[in-house]
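Chemist: Structure here, sequence nowhere to be found:
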């Protein structure tokens, strides 16, 4: 329970941060889809630890193993199982935290709910769980592109108080991957890296905002009422570790506008397709995609595990002081970019299959 997502294009992830490995079982992927397996590994490389001076120093190759569902690189239509083995796990780093609750981490709530928890690394609450999501999301991205030319791109928009204004129309993968913080604005990216390094030297952490755009999204994705596209996107993205907020289109800024200012006026088209003069709706109206770009922003809180001393309690409720050891990202956002893209792609792939199954004959 709680480890699966999707209706027709469905994933179930498994594994703990410091266990034998982590992975995913993907069900519902259509047969005869030729995959570029290197692109799956590319996405995992973007997510893996130890990739830069502003990420955790944990060293993992995160090499994916395909256990089922493929003949060569072609999907069979059967469940696709993928696993990544944990190599550089050090449970002793967490010896002090086996009885101490990290403030704002999942330790206390997992203990209260289950009466037991993984003794090291956060278990299922660790961002290492997202390996399975990213691997399956890489398949979803290829399905979407081959079906409709759909592209999903995310980047770091803000770190702490440093923000970049990015035009979603012009961003390309090369711009995002051109620096270690994954912000397309090179000058702002440099300042972001400096801020993360400065906060890390203090033994502290910081959060920020990731922005994501979907280009060439099919019209008609999403269901009325409870399965609105933005509702499913919000659920998927808010299931990522450290997320605390979700906006689409104008988001909270739109609440400052009047209806006459916010409404997206329709533009006449020769072929009768939907086209709007503005995109305050963020590509979704009435819970259904309208063909315009889908633009979202996701807020990530500062990493909970920090080296700075914090007041806490132990499992018996006694007051304690914790200065966490171990290897942790001072800022999760650079590595969360492929996670955001994966979750968006998974939701869109699921709704694409649902839409095609619902089309009239």
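Modeler: Received, thanks. Note that the coordinates shown come from a computational prediction; the quantities given were computed from them, not determined experimentally. Numbering: from 1, shown residues only.
Chemist: Skip the chain neighbours and tell me the closest residue to residue 80.
Modeler: Nearest residue to residue 80, sequence neighbours excluded (Cβ to Cβ, 6 or more residues apart in numbering): residue 69, at 3.2 Å. Any C-beta I mention is one placed from the backbone N, CA and C, and that applies to glycine too.
Chemist: Could you report the neighbour count for that neighbour?
Modeler: Here the count is done by other Cβ atoms under 10 Å, and residue 69 has 20 residues near it.
Chemist: quick one, strands of the stretch 201-350 of the chain?
Modeler: 208-215, 243-248, 284-285, 288-289, 294-300, 310-313, 319-322 (DSSP state E, counting those that start in this stretch).
Chemist: I'd like those strands as TSV, with distance to residue 168, mean neighbour count and mean pLDDT appended.
Modeler: TSV is the format used below for those (distance: least, Cβ to Cβ, whole Å; neighbours: other Cβ atoms under 10 Å; pLDDT from 0 to 100):
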stretch	distance to residue 168	mean neighbour count	mean pLDDT
strand 208-215	4	23	98
strand 243-248	12	18	98
strand 284-285	15	21	96
strand 288-289	16	21	97
strand 294-300	6	24	98
strand 310-313	38	15	87
strand 319-322	41	13	87
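Chemist: Which strands or helices does whichever strand or helix holds residue 156 pack on?
Modeler: Assigned by DSSP states H and E, residue 156 belongs to strand 151-159. If you count contacts as 3 or more Cβ pairs under 8 Å, 6 or more residues apart in numbering; DSSP states H and E, strand 151-159 packs onto helix 130-148, helix 173-176, helix 186-201, strand 208-215, helix 333-358.
Chemist: Could you list every helix and strand in contact with the third one?
Modeler: Using 3+ Cβ pairs under 8 Å, 6+ apart as the contact criterion, the neighbours of helix 186-201 among helices and strands are strand 151-159, strand 162-163.
Chemist: quick one: which of the ones you listed is nearest residue 228?
Modeler: Among the helices and strands packed on helix 186-201, the nearest to residue 228 by Cβ to Cβ is strand 151-159 (18.6 Å).
Chemist: got the contact list for that closest one?
Modeler: 141, 144-145, 163-164, 166, 171-173, 175-176, 181-184, 189, 192, 195-196, 206, 208-216, 297, 331, 333-334, 337-338, 340-341, 344-345, 348 (Cβ atoms under 8 Å, 6 or more residues apart in numbering).
Chemist: and the strand holding residue 156, what's its mean pLDDT?
Modeler: Averaged over strand 151-159, pLDDT sits at 98.
Chemist: and residue 155, how many neighbours does it have?
Modeler: 27.
Chemist: Can you tell me the closest non-neighbouring residue to it?
Modeler: Of all residues not flanking residue 155 in the chain, residue 176 sits nearest, at 4.8 Å (Cβ to Cβ, 6+ apart).
Chemist: Residue 9 versus the one you found, what's the distance?
Modeler: Going from residue 176 to residue 9 by Cβ to Cβ, to the nearest Å gives 25 Å.
Chemist: neighbour count winner among these two?
Modeler: Higher neighbour count among residue 176 and residue 9: residue 9, with 25 against 22, using other Cβ under 10 Å.
Chemist: Point out where the stretch 1-150 of the chain drops to low pLDDT.
Modeler: In the predicted model, the stretch 1-150 of the chain carries pLDDT under 70 at residues 89-98, 119-121.
Chemist: which stretches of it form strands?
Modeler: Along the stretch 1-150 of the chain, counting by DSSP E, counting those that start in this stretch, strands occupy 4-5, 10-15, 21-27, 65-68, 70-71, 74-75, 80-85.
Chemist: I'd like those laid out as TSV, including mean neighbour count and distance to residue 267.
Modeler: Converted to TSV, those look like this (neighbours: other Cβ atoms under 10 Å; distance: least, Cβ to Cβ, whole Å):
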stretch	mean neighbour count	distance to residue 267
strand 4-5	16	36
strand 10-15	20	37
strand 21-27	22	39
strand 65-68	13	46
strand 70-71	14	44
strand 74-75	16	39
strand 80-85	21	41
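Chemist: List just the one of these that sits closest to residue 111.
Modeler: Here strand 10-15 is closest among the strands of the stretch 1-150 of the chain (Cβ to Cβ), at 20.1 Å.
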